[in-house]
Structure formats: C-alpha cells, structure tokens
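Trainee: After the sequence you'll find the predicted model.
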Amino acid sequence: MSKPTSCIQIEPDLIAAATGEATERAAARVQTHVSGCRSCRDDFARYRAVDALVGTLRAETPPAGDADAARQRLITRLADLKSRLVSYQVFPSPLGPILIAASEHGVALVEYVRRHDAGDSRLFRLADVDTQEGGAALERLHGELLDYLAGRRTRLEWPLDLRFARSDFERAVLQATAAVPYGAVSSYTGIAGELGKPSAVRAVAQALRHNPLPIVVPCHRIVGIGGDLVGYAGDRLGLKEQLLTVEGVPTVHARTPRIARAAMYHYAPNPDRQYCLPTCGTIATRPLGQVRLFGRRELAEVTGLSPCVDCRPDLHPISA
Amino acid sequence: MGETVRFDEAGFETIVATHHGEIYRYLRRLSWRAVEADDLSQETFLRAYRARARLTPDANVRAWLFAIATNVFRNHLRSERRRRAAHDTVRATRREVELDGPEAEAVAGEVRTLTETAIRGLPLKQRLAFTLRKMHELDYEVIGQSLDCSPESARAHVFQALRKIRTTLNGHALPMTEPTR
C-alpha cells in the first residue's frame, strides 16, 4: 500500500514539527494535515516519542569523575606540549631571510637562514622541540626587528628564552653580552674578564658562535682584542659590519674589516664614570675589553657616562 | 619603547575550563569506550592549542572546538579501520552490544537501548549530524562547517537519522508523550 502524495510531501515537515525543528508555518500545515489523516497522526505521535527518547539520552551524562580525570590528564599533556612547543616564522629583512622562533617563555631563536622555508634551520635538528609555524606575536617581533635594523629603535625588549644555550657558561656569556649597550663595542677578552674567567676567551668566542639570539643578544658588538670583526654567522662578517654601522660604530677595511678605534670614544671603568677621547693619556693603548668603545657620544651618555673633565670630549667631539 | 610581547596562555586555560566537559561528553557519545573519549578529547584540545593563533577574537570557540573534535574522531575511525580487518571490528561491535543484552531486557531500558544501538548503527555523517544537533543543540550552520557540507545537507542528515531511528523502533511500544490534537 503506497502513501498518498500529500502524505509523502508533508513528511519532512511532520518530522520537523514532531522534533521541534519546524517553522510556525510548517507546524501549522502539519497540524492541518494530521487532523485529517490517521496514518500521519500515528507517525507524528511516534516521532514525538522518538524525540522524547532522544531527550532522555541527551540528559544523560557520563560520571563526573570520568570527565574530571580526563581533564586532569589533558592539563598535564598541555603543560608538556607548551614546554616543548616553539612557534617560528621566516621573515624578510635587509640582512636576508631571518627566522624568529618563540616559546611560551619568550624568544628562543633568531637565525639567519638561506631558505624561506627554513629547511636549513637548526630548529629542526634540536631534540625535545615541537615546532609550529606562525603566530600573531611573531609578526610583531618582526616589525620591531625591522625598526631596529633601520635605526628607528635602539632596544629589543623581548622576553628571552635561553633554552638553546648549551650550558650555564654559555648562558652567562649571553647575559654578559646582552649587557653591552647599543652603540658600544667590547671584546671576547672583555666578556671573559667580566665573567671572572680571563683565560676563557676561546670558550667565550665559541659560545657566541652558537648564540641562538643574534641581534637581540648583540654578539655583533663583541670583536677581537685588536678590533678585528672576527667571526659572525659563519663567515658573514658583512652582516656584523652592517649591524655596527646601524649603531653608529665606524669600521675600516684593512686586510680584514675592523672597527675604527681611533674614531671612537673610549671608556675605561672609573669611579666618576667618565668617557674620553682616544687621545686622552694612554687610554688608546689599553686592550679592547678593558676599555669599551662608543661610536657616538649620545649613546655613551645614554648609558650614564659623562664627558672626561680633562680631555673634554663634549667640547672636541670626534668628527665623523 | 615597545609594548611587551604577550606570551602567556591564560586564555587557553579558560577555554579548557569552559568547554572540556561538553567536548568530552560529545566524544564519549561517539566512542565505544571511555578511554577512547579520554584520548580523543585530549587530542582535540592539544590540536586546538596548536591552532589557537588562527582563532580570531570574535570566533565562536564552541563551534570551533566541535569542528576539531569531529575531525579528530573521523581521523581516529579511519586509522582504526586501517588497523583492524573490517570483519574483526564488526564482530567486536556485535559482541559489545550483546553484552549489554541481559540488562537491556529490563523492560524500561529496552527501547532506550534500541535507540542507542540505532544511533550507533547510523552512517557516520548522519550519526555526527544527529549527535551535534540533538545532543548538543548546535546550529545547522555550525554543523555544516564541522562536516564540510551545507546547512541544508546537515539538516537532511539529521532527518534521515530520525527516520532510521523511528524505523528501528517500529513494532515496539513507545512511551507516548502528549496525545496529538
């Protein structure tokens, strides 16, 4: 026995009306139809019953303890993921493509990469790291980095995560390096001295060779004791020179690029915190590291130094 | 100088606190075993955490999580299917349903168990659409997004599911609600 056409046509509305899905108009059509059709009236009643059964199932919840236990396990796994997760992105810059990577604690890696897909990044060779591309915070870091490289900003006040430093010694070297101010230059020997390990010059150089946060931890401000730029990002001394130029540090090209010490202000620690011209006494002969150099007077004074009252760098500024 | 960059994830803790219970119940309804729902709900939130950067401030977080959970469940089924030979699954399924048998004989529960079995036996998309709509009362728009289909076909899936459940219950006395006018 086949159903009349009108019953077949009303069926979707009938299901809808019986299960609370119908529009008012459809519900009215169904009412009219079932009042005159016994078979559809029965159908309607059975769909109502199904709907009520479904309602019973909806009201059932698993034991609260199960959900709580599941949530606790989730929180543990989430904490584990967070501790391993590092977001990264490769950005264009005047120094070539740069990868910036950050964990929940802060920026963990800044790296010059040669490929825009970051395929050559050391990020993918590190153990205990879970990587993920992109993130809004990274975009902002990139903006600040560009400002820095254009000289519009002198500090990158980023929270740092030193997880990729390989030892406490390396972390100490990075921290000492981070304390060398904008526009200033020190030497590997100087950092070793500050750490109270004057003989660890090579170890300092090694640590900075592995600096996971170039630019942010300004290893470009650390040069050889004779002023040679020495190493940077492998053999890319040009990058080091560009970064120093942005900060107003003069360089000269002899056989190798070196800083123009004679054209820089000198600071040897003294109780009055006074900085000098290179012609003041024997200051120009003291090893770089024991003296810190500044390309620009203002940048020395920003760090709290004042002009020497003997040589008066304020009255006789070094002309550029 | 610049504003400090925010790295804290307090927002996500709130998302977990607010939505975990419901997502867990959803996956528990779909899964055979509690431990499965446990794993899948963890997987859902771990994925959500990784994808959180793509979440806009005005996004419907609940809908977003349901979509991820649905995806996680479907992937899980796919890998389960690969892992076991198909006939093994069917046999295991039957056995589990039969285990419920003696209890289900208790008259009150019989129709209910039949309904549950009917829901479990639905084709996947119908079952998902039905569960999202009738158990969690999501909009068809949202269900369509979760299932990669239009709101209209999401609705059609739900109706198809209702027809099948009704057919399964044919010949059984149903607790009737109010009489039809």
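Mentor: Cool, got the structure. Since this is a predicted model, take the numbers as computed values, not measurements.
Trainee: The lengthiest helix in chain B near chain A anywhere?
Mentor: The residue-count maximum for a helix in chain B (DSSP state H) belongs to helix B:61-83. No - judged by CB under 8 Å from any CB of the partner chain, helix B:61-83 stays clear of chain A, getting no closer than 12.5 Å. Heads up, the C-betas are built off the backbone N, CA and C, glycines and all.
Trainee: Packing partners of that helix?
Mentor: Applying 3 or more CB pairs under 8 Å, 6 or more residues apart in numbering or on different chains; DSSP states H and E, one finds that helix B:61-83 contacts helix B:10-30, helix B:34-51, helix B:124-130, helix B:140-147.
Trainee: export these to CSV and tack on mean neighbour count and mean pLDDT?
Mentor: Listed next are the helices and strands packed on helix B:61-83 as CSV, based on neighbours: other CB atoms under 10 Å in any protein chain shown; pLDDT from 0 to 100:
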stretch, mean neighbour count, mean pLDDT
helix B:10-30, 18, 92
helix B:34-51, 20, 94
helix B:124-130, 21, 97
helix B:140-147, 20, 96
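Trainee: Looking at the ones you listed, which is nearest to residue A:29?
Mentor: For these, proximity to residue A:29 was assessed by CB to CB; helix B:140-147 is nearest, at 20.5 Å.
Trainee: Next secondary structure after the closest one?
Mentor: Downstream of helix B:140-147, the first helix or strand assigned by DSSP states H and E is helix B:151-168.
Trainee: what packs against that next one?
Mentor: helix A:5-18, helix A:38-59, helix B:107-120, helix B:124-130, helix B:140-147.
Trainee: Once you drop chain neighbours, what's closest to the closest residue to chain B within chain A?
Mentor: Residue of chain A nearest chain B, by CB to the nearest CB: residue A:49 (3.7 Å). Nearest non-adjacent residue to residue A:49, counting by CB to CB, 6 or more residues apart in numbering or on different chains: residue B:174, 3.7 Å away.
Trainee: and that neighbour, that's in a strand?
Mentor: No - with DSSP: H, G, I helix; E, B strand; the rest coil as the criterion, residue B:174 is assigned coil and is not in a strand.
Trainee: do you know how far it is from residue B:166?
Mentor: Spatial separation of residue B:174 from residue B:166 under the definition CB to CB, to the nearest Å is 9 Å.
Trainee: anything in contact with each of those two?
Mentor: Shared contacts of residue B:174 and residue B:166, defined by CB atoms under 8 Å, 6 or more residues apart in numbering or on different chains, are found at A:46, A:50.
Trainee: burial count for the residue nearest to residue A:49?
Mentor: Using other CB atoms under 10 Å in any protein chain shown, residue B:174 is surrounded by 18 other residues.
Trainee: one step back: shouldn't the residue of chain A closest to chain B be in contact with residue B:170?
Mentor: No - using CB atoms under 8 Å, residue A:49 makes no contact with residue B:170, being 11.6 Å away.
Trainee: Looking at these two, which one has more neighbours?
Mentor: Neighbour comparison, residue A:49 and residue B:170: the larger count goes to residue A:49, with 20 against 8 (by other CB under 10 Å).
Trainee: so what's the residue of chain B found nearest chain A up against?
Mentor: Of all residues in chain B, residue B:174 sits closest to chain A, at 3.7 Å by CB to the nearest CB. Neighbour list for residue B:174: A:46, A:49, A:50, A:53, B:111 [criterion: CB under 8 Å, 6+ apart].
Trainee: Look at it and report its pLDDT.
Mentor: Note on residue B:174: pLDDT of 73.
Trainee: and it, how far is that from residue A:43?
Mentor: Distance from residue B:174 to residue A:43, counting by CB to CB: 12 Å.
Trainee: Where does pLDDT dip in chain A?
Mentor: Where chain A drops to pLDDT under 70, the residues are A:1, A:320.
Trainee: Can you pull the domain assignment for chain B?
Mentor: B:12-87, B:107-171 (automatic domain parsing).
Trainee: In CSV: these, plus distance to residue A:98.
Mentor: Converted to CSV, the domains of chain B look like this (distance: least, CB to CB, whole Å):
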stretch, distance to residue A:98
domain B:12-87, 19
domain B:107-171, 36
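Trainee: quick one, which of these is nearest to residue A:79?
Mentor: Residue A:79 lies closest to domain B:12-87 among the domains of chain B, at 10.5 Å (CB to CB).
Trainee: For the residue lying closest to residue A:268 once chain neighbours are set aside, grab the count of nearby residues.
Mentor: Spatial nearest neighbour of residue A:268, excluding adjacent residues (CB to CB, 6+ apart): residue A:291 at 4.6 Å. Number of residues near residue A:291 (other CB under 10 Å) recorded here: 24.
Trainee: got the contact list for residue A:291?
Mentor: By CB under 8 Å, 6+ apart, the residues touching residue A:291 are A:266, A:267, A:268, A:283.
Trainee: Now which of those residues would you call buried?
Mentor: Those of these that meet the buried threshold are A:266, A:267, A:283, by 16 or more other CB atoms under 10 Å in any protein chain shown.
Trainee: can you list those in CSV and add distance to residue A:158 and secondary structure?
Mentor: Listed next are the buried ones among the contacts of residue A:291 as CSV, based on distance: CB to CB, whole Å; DSSP: H, G, I helix; E, B strand; the rest coil:
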residue, distance to residue A:158, secondary structure
A:266, 30, strand
A:267, 27, strand
A:283, 34, helix
